[in-house]
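Novice: Got a predicted model here, sequence first, then my questions.
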Amino acid sequence: MVLPRLMYEFAKTGLFSVGGGLATLPFLYEMSDATGWFTHADIADMIAISESTPGAIGINMSTYAGFTTAGVPGGILASLALAFPSVVIILIIAKFLEKYRNNKLVDGAFYGLRAASIAMISAAGLNVAKVALLHLGAYQLTGNIMDLLNLKAIILAVLIFIGQRKLKWSPVLFIALSAVVGILLKF
Amino acid sequence: MNQLLNLYWTFLKIGCVTFGGGYAMLPILERELVTKRQWTTMDDLRDYFSIGQCTPGIIALNVSTFIGQKRHGVPGAIAATTGFLTGPIIIILLIAAFLKNFAELEIIQHAFAGIRVCVCVLIVQAVLRLWKKSVIDPFTLALYLIVFALNAFSGILPFKIPAAILVICAGIAGILVSQIRNRKTASSGKGGGA
């Protein structure tokens, strides 16, 4: 009987966590307390794993919890359950959008939404940059501005930026190259 | 059927390289869906991201559903979404079964420190490209600065406004400002004619 419960719990999380990966965290802590399927330490581990794999934390946690409680079918079904509510909602919105694409109110809403959306993308970029390009920990210890800058990473960032402008390579290739550079130069 | 498989396969590939929470996906989506396949336009992509931010679920997943639906209705949406999920599910199943200390492996940490640098450049490029079309006048610039500040400095603010609320407020502000502007131009147009 664990499969229906798994699907119910993760569908609920999928329905109520608005705004991307980390929004699922409070629901995951709640679920951990209520079901015992995974511990708080498991959640912390999953955050680390999610930062180093392509999946979002919500999908990853549902796969993990499903697998540990009910094997491979559990992992797959729990993840599908998590995705289900948002798929239904997006399908409804997509239908609505097709109909009202040229509506003045919808147009006005997007006029504001676009600026807010790109502001959020900028803020997300800043957060990644803080971790990727700076040594905040080292700086707090020494107070030396040179310790703050992760020079290797900044040089790589500049090279990727120029490379992307000059070469018409796929972004995927740049991601793969950065991983190799990270391993070789011990980032 | 072939087209559904094509959708599934395309999003499976995209799902395998979406590091950094969806936003870094934008340049990859642009390359795969706009430049290579012409399945959608950059303007539509940007709107899907805006909507994905204020609806439940993971942004990258919402964008997959949108594009799948646009290509092939409900079956297309399901093909794109399950395709997008396939890679992450397999990766986590493998990690859960065989590599519980995956994230602590030194080689993985170095690789991802490198990938993060690339993700950060990808996001900057996405912002540069969208900026010109999204921040077009003083109102949108002000909106951009407010939302950016509230997000970027949420750590030092005494309160935290959920992203969904910010996005909804921005949409309402957009409606109000464009309505007021329309009314003004309509009345000044009338005045000019009289």
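Specialist: Alright, I've got the coordinates. Numbering: from 1, shown residues only, chains lettered A, B, ... in the order given.

Novice: A:Gly55: neighbouring residues, count only.
Specialist: For A:Gly55, the neighbour count with other Cβ atoms under 10 Å in any protein chain shown is 29. Just so you know, the C-beta spots here come from the backbone N, C-alpha and C atoms, and that holds for glycine as well.

Novice: What separation is there between the spatially most central residue of chain B and chain A?
Specialist: The residue lying closest to the centre of chain B (Cα atoms, centre = their mean) is B:Phe49, at 3.3 Å. Applying Cβ to the nearest Cβ, to the nearest Å, the value for B:Phe49 to chain A is 6 Å.

Novice: what residues are up against A:Ala138?
Specialist: Applying Cβ atoms under 8 Å, 6 or more residues apart in numbering or on different chains, we find A:Ala138 in contact with A:147-148.

Novice: My error: substitute B:Val177 in the last question.
Specialist: A:108, A:111-112, B:139.

Novice: Could you list the low-pLDDT ranges of chain B?
Specialist: B:20-22, B:100, B:103, B:189-194 (pLDDT under 70).

Novice: If we use 50, what do you get?
Specialist: Within chain B, the segments meeting pLDDT under 50 span B:191-194.

Novice: What ranges does it have for its helices?
Specialist: B:2-16, B:25-29, B:42-54, B:59-98, B:106-134, B:138-152, B:163-193 (DSSP state H).

Novice: Let me have those in CSV, adding distance to A:Met31 as columns.
Specialist: Shown next, in CSV, are the helices of chain B (distance: least, Cβ to Cβ, whole Å):
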stretch, distance to A:Met31
helix B:2-16, 24
helix B:25-29, 27
helix B:42-54, 23
helix B:59-98, 17
helix B:106-134, 27
helix B:138-152, 27
helix B:163-193, 21
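
Novice: Of those helices, which is nearest A:Thr142?
Specialist: Ranking these by proximity to A:Thr142 (Cβ to Cβ) places helix B:106-134 first, at 20.3 Å.

Novice: What residues of the closest one count as buried?
Specialist: B:108-127, B:129-130, B:134 (16 or more other Cβ atoms under 10 Å in any protein chain shown).

Novice: do stretch B:29-42 as well
Specialist: Those would be B:29-34, B:39-40, B:42, for stretch B:29-42 by 16+ other Cβ under 10 Å.

Novice: Which pLDDT value goes with the nearest residue to B:Thr55 once chain neighbours are set aside?
Specialist: Spatially, and ignoring its direct neighbours in sequence, B:Thr55 is nearest to A:Ile89 (5.4 Å; Cβ to Cβ, 6 or more residues apart in numbering or on different chains). We have a pLDDT of 89 for A:Ile89.

Novice: Quick one: list the elements packing against the helix or strand containing A:Ile89.
Specialist: Remark: A:Ile89 resides in helix A:57-100, with elements defined by DSSP states H and E. Here helix A:57-100 touches helix A:2-16, helix A:25-35, helix A:40-51, helix B:42-54, helix B:59-98, going by 3 or more Cβ pairs under 8 Å, 6 or more residues apart in numbering or on different chains; DSSP states H and E.
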